[in-house]
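Engineer: need a 3D model of the following:
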Amino acid sequence: MRRFHALLEQLRAHRHLPLAMIALGVLTPFAFSPFDLWPLALVSIGLAGELLRGHGIRRTAFLAWCYGFGLWGFGTYWLYVSIHDYGYTPPWLATPMVAGLAAFMALFFALMGWLYARFNLARASLLTLPALWVLGEWLRTWFLTGFPWLFTGYAFVDTPLAGYAPLFGVFGISLIAVFSALVLVRALAQPGGLRSPALPVAIALWMGGAALQHVEWTSPTGEGLSVSIVQGNIPQESKWQLEWRDKTVDIYRQLSKTEWGRDLVIWPEAAVPMFYHEAIDAMTEMDDNALAGHSAFVTGIPWLEVDEARRDFRIYNAILASGEGSGVYFKQRLVPFGEFIPLESWLRGTLPLFDMPMTSFSEGPPQQAPLTVQKLSLGPMICYEIAYPDLVRRIASASDVLVTISNDGWFGTSMGPHQHFQMVRMRALENGREVIRATNNGVSAIIDKHGRVREQAPQFERLVLRATVRGYRGSTPFMVMGSLPALLACAVLLVIGRRRKAGDAA
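Structural biologist: Numbers count the residues shown, from 1 in each chain. This is a model prediction of the structure:
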């Protein structure tokens, strides 16, 4: 331990410390899916936190930025696939665009580092750094529409800490995980660290999470659905081409022929690559098939709404339920540059990426009723929306089952779809609801209310996944209070840490 302590002290003063912080940031995404090496998060975050101590304000902010740059540079490299492979942006421009986004997102860590040093919070770092870390994650859910990705808590969905999801959500798990990481490294790095009172606290938190996993927060409704998830595996580069419109619908039509008679037949996001009014014949045919088989039919489809009085129109990314189902849902949280173009008047026409089809969607209204399918209420979400914890819990509060449709074809064979799928599992845990996930090319699956994958289809295959799903009612504490308890805990920790005397440093 003394040798480890000496090594950290040398590294803290070394001129290559910024490169070490970048390397620790690069290491952290291996804790997430598809690698799922969650102990690496404890190591990388714990080391990064220890190395942030003992520097001036600017130096601390810069080092925190370096960690964030490594995290986002590697953790979201799949954006290069979207920008280059499908956005037709040349490599010499796509690479700095991804790097620029990583540099921007790293500013959230730089702010954390600046506050940490500016208010001398390192004297109680075991309390203050986890609080600042989680507040930074929360800030990323809404600042400039938000990019709620790579939250620390997602890496721990298969650990005892998952027991805290129904109480405090992903931010609560992040808070405990970062605290545990700092305690672990401090125990190994500091003389007498194993005698620190923080160590038994961290152990108790993990044991508490394990115990909470046996608590049943919600109860079954007694109603279930036999579900057919139709995965069309339409090539992303062809999806919006005019010659593929009818061909795509026909692929889904043929795959669904044997499924009418199941309780629910579901197609993924924008499975019908034309506006509803352009697809009336096909949609009427599917409705008739569903009614004949006593099935509900749910599909993603673009929706055009015309306001004749204002001589205006809006385009929505929508989910439609018909047959033995009803309702339409318009997506509320849109993907920047994927579904709308920020600063559109300036950027349109400058790059092929900014002129991609279907990048002029409007946001749906905040209060929308769930879809009705057979005797159950389905809480609908489209793609990116599943990444917003508090949005999902509001939808879940009026639903028996959650359903999310997506098209992760934009990310190719990268780790992006797996990170996205991990978020879906966390939403099931937080809300005590089973989740139906229908995608164009994977990951299509049924997730139970404990976040476990019950049925999963292979990626990049054209197939139908048949499974059952159960409805649940009741509320988890997270559904009632959302992220507020975790955020209040962060505020309390900062107040306590700020008042600690230097001699009482944690």
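Engineer: what about the nearest residue to residue 406 once chain neighbours are set aside, neighbour count?
Structural biologist: Counting by CB to CB, 6 or more residues apart in numbering, the nearest residue to residue 406 once its immediate chain neighbours are dropped is residue 383, at 4.2 Å. Quick note: C-beta positions are derived from backbone N, CA and C, even for glycine. For residue 383, the count of nearby residues is 25 (other CB atoms under 10 Å).
Engineer: thinking residue 300 is in contact with residue 266, fair?
Structural biologist: No - taking CB atoms under 8 Å as the definition, residue 300 is not a contact partner of residue 266, at 9.1 Å.
Engineer: okay, these two: which has more neighbours?
Structural biologist: residue 266 (30 against 26).
Engineer: identify the bridge partners of the more buried one.
Structural biologist: residue 229, residue 298 (DSSP bridges).
Engineer: give the contact list for residue 437.
Structural biologist: Counting by CB atoms under 8 Å, 6 or more residues apart in numbering, residue 437 touches 229, 403-406, 421, 424, 443-447.
Engineer: just the helices from the stretch 301-450 of the chain, written as ranges.
Structural biologist: 344-347, 389-396, 416-431 (DSSP state H, counting those that start in this stretch).
Engineer: related to what we said a few turns ago, mutual contacts of residue 300 and residue 266, please.
Structural biologist: By CB under 8 Å, 6+ apart, residue 300 and residue 266 have these common neighbours: residue 405.
Engineer: now do the same contact list for residue 55.
Structural biologist: Contacts for residue 55 (CB under 8 Å, 6+ apart) come out as 12, 63, 117.
Engineer: pretty sure the second one sits against residue 52.
Structural biologist: By that I understand residue 63. Yes - Residue 63 lies in contact with residue 52 (CB under 8 Å); the separation is 5.9 Å.
Engineer: name the residues contacting each of those two.
Structural biologist: Contacts common to residue 63 and residue 52, judged by CB under 8 Å, 6+ apart, are residue 113.
Engineer: lowest confidence element among the helices and strands of this protein?
Structural biologist: Here the helix or strand of the chain ranked lowest by mean pLDDT, DSSP states H and E is helix 344-347, holding a mean of 54.
Engineer: next, count neighbours for residue 458.
Structural biologist: Residue 458 has 12 neighbours, counted by other CB under 10 Å.
Engineer: from the chain's centre, how far out does stretch 144-158 sit?
Structural biologist: The gap between where stretch 144-158 is centred and where its chain is centred comes out at 6 Å by CA atoms, centre = their mean, to the nearest Å.
Engineer: identify each buried residue in it, please.
Structural biologist: 146-157 (16 or more other CB atoms under 10 Å).
Engineer: swap in stretch 248-256?
Structural biologist: Those would be 248-249, 251-253, 255-256, for stretch 248-256 by 16+ other CB under 10 Å.
Engineer: repeat for stretch 428-439
Structural biologist: Buried-residue list, stretch 428-439, by 16+ other CB under 10 Å: 428-439.
Engineer: also stretch 77-94?
Structural biologist: 77-87, 89, 94.
Engineer: now do the end-to-end distance for it.
Structural biologist: 11 Å (CA to CA, to the nearest Å).
Engineer: out of the buried residues of stretch 77-94, flag the one nearest to residue 244.
Structural biologist: Minimum distance to residue 244 across these is 14.2 Å, recorded for residue 86 (CB to CB).
Engineer: wait, doesn't that closest one sit right on residue 411?
Structural biologist: No - counting by CB under 8 Å, residue 86 stays clear of residue 411, with 9.2 Å between them.
Engineer: now the residue nearest to residue 406: how far from residue 179?
Structural biologist: 32 Å (CB to CB, to the nearest Å).
Engineer: how about residue 115?
Structural biologist: For residue 115, the distance to residue 179 (CB to CB) stands at 17 Å.
Engineer: list just the nearest of the buried residues of stretch 77-94 to residue 274.
Structural biologist: residue 86 (19.3 Å).
Engineer: so how far is residue 199 from residue 192?
Structural biologist: Using CB to CB, residue 192 is found at 11 Å from residue 199.
Engineer: neighbour count winner among those two?
Structural biologist: Neighbour count, other CB under 10 Å: between residue 192 and residue 199, residue 199 has more, with 16 against 8.
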